[in-house]
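1. curious how this folds, go ahead:
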Amino acid sequence: MMTVRKTSDRYGSLSIGLHWIMLLLLIAVYACIELRVFFPKGSDLRTALKTWHFMLGLSVFVLASLRLVVHLINPVDLIESAMPRWSTLLSKFMQITLYIFMMGMPLAGWLLLSAEGKPIPFFGLQLPALIGENKDLAELIKAIHATIGTVGYFLIGLHASAALFHHYVLKDNTLLRILPKRD
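-> Okay, here's the model as predicted:
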């Protein structure tokens, strides 16, 4: 049964499901954009990978927005062990940074396609351009999008490393709270 409510020691199943679906989506988004380089420019497969990159990226935006709403409606309890204030602040900063990343990158992609004057597909729909065609602005957005995309690898890696550190070194319930429940 899907639950929104969390308990004192676990996130709700909706939050847990969204967390892991987001991971799979982010893997797919990165895979699409990285794998495109193995195919010639203009080829159908390369074009399809770029289209899937964009559509999956917008899916990240939609699900990140939903996750944020769920989080704001149902904030989480503290982890078992008392963390130093600097660690708690760093954790909050990282969480905010990840949300900015998960919502900002898809918007940057949408702005990029808009500035390039390209169609903006989303699973059979054509989304409206956010801005008018502007090739110079498109180049700037493309550079920013690529740079932040690279930073994203580190953010995701740091997030995963912190969870593993909490689990194996601090031995608290941080990781266990977000793992799917085993019956």
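
2. so where is this protein shaky, pLDDT-wise?
-> The model of the chain has pLDDT under 70 over residues 1-8, 76-82, 183.

3. now do the strands in it.
-> 121-122, 125-126 (DSSP state E).

4. ok, and what's touching the last one?
-> Identification of contacts with strand 125-126 by Cβ atoms under 8 Å, 6 or more residues apart in numbering yields 119, 120. Any C-beta I mention is one placed from the backbone N, CA and C, and that applies to glycine too.

5. kindly recompute the last result at 6 Å.
-> residue 119 (Cβ atoms under 6 Å, 6 or more residues apart in numbering).

6. same check, this time on the first one
-> In this structure, residues lying in contact with strand 121-122 by Cβ under 6 Å, 6+ apart are 51, 55, 58.

7. are any of the residues you listed buried, and if so which?
-> The neighbour count (16 or more other Cβ atoms under 10 Å) marks 55, 58 as buried among the contacts of strand 121-122.

8. output the contacts of strand 121-122 as a markdown table; include the columns distance to residue 175.
-> Formatted as a markdown table, these follow (distance: Cβ to Cβ, whole Å):
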| residue | distance to residue 175 |
| --- | --- |
| 51 | 35 |
| 55 | 31 |
| 58 | 29 |
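
9. just the contacts of strand 121-122 now: which is nearest residue 173?
-> The shortest gap between residue 173 and any of the contacts of strand 121-122 belongs to residue 58, at 33.5 Å (Cβ to Cβ).

10. circling back: among the strands of the chain, which is nearest residue 34?
-> strand 121-122 (20.0 Å).

11. which parts of the chain are helices?
-> When secondary structure is read from DSSP state H, the chain shows helices at 13-35, 44-73, 85-116, 135-165.

12. show me how far the last one is from its chain's centre.
-> Right, helix 135-165. 10 Å (Cα atoms, centre = their mean, to the nearest Å).

13. for it, list every residue counted as buried.
-> 137, 138, 141, 142, 145, 149, 152, 155, 156, 159, 162, 163.

14. surely residue 28 touches residue 56?
-> Yes: when contacts are counted by Cβ atoms under 6 Å, residue 28 is listed as touching residue 56 (5.1 Å).

15. how about the helices of the chain in JSON lines, adding distance to residue 176?
-> JSON lines is the format used below for the helices of the chain (distance: least, Cβ to Cβ, whole Å):
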{"stretch": "helix 13-35", "distance to residue 176": "11"}
{"stretch": "helix 44-73", "distance to residue 176": "18"}
{"stretch": "helix 85-116", "distance to residue 176": "16"}
{"stretch": "helix 135-165", "distance to residue 176": "10"}
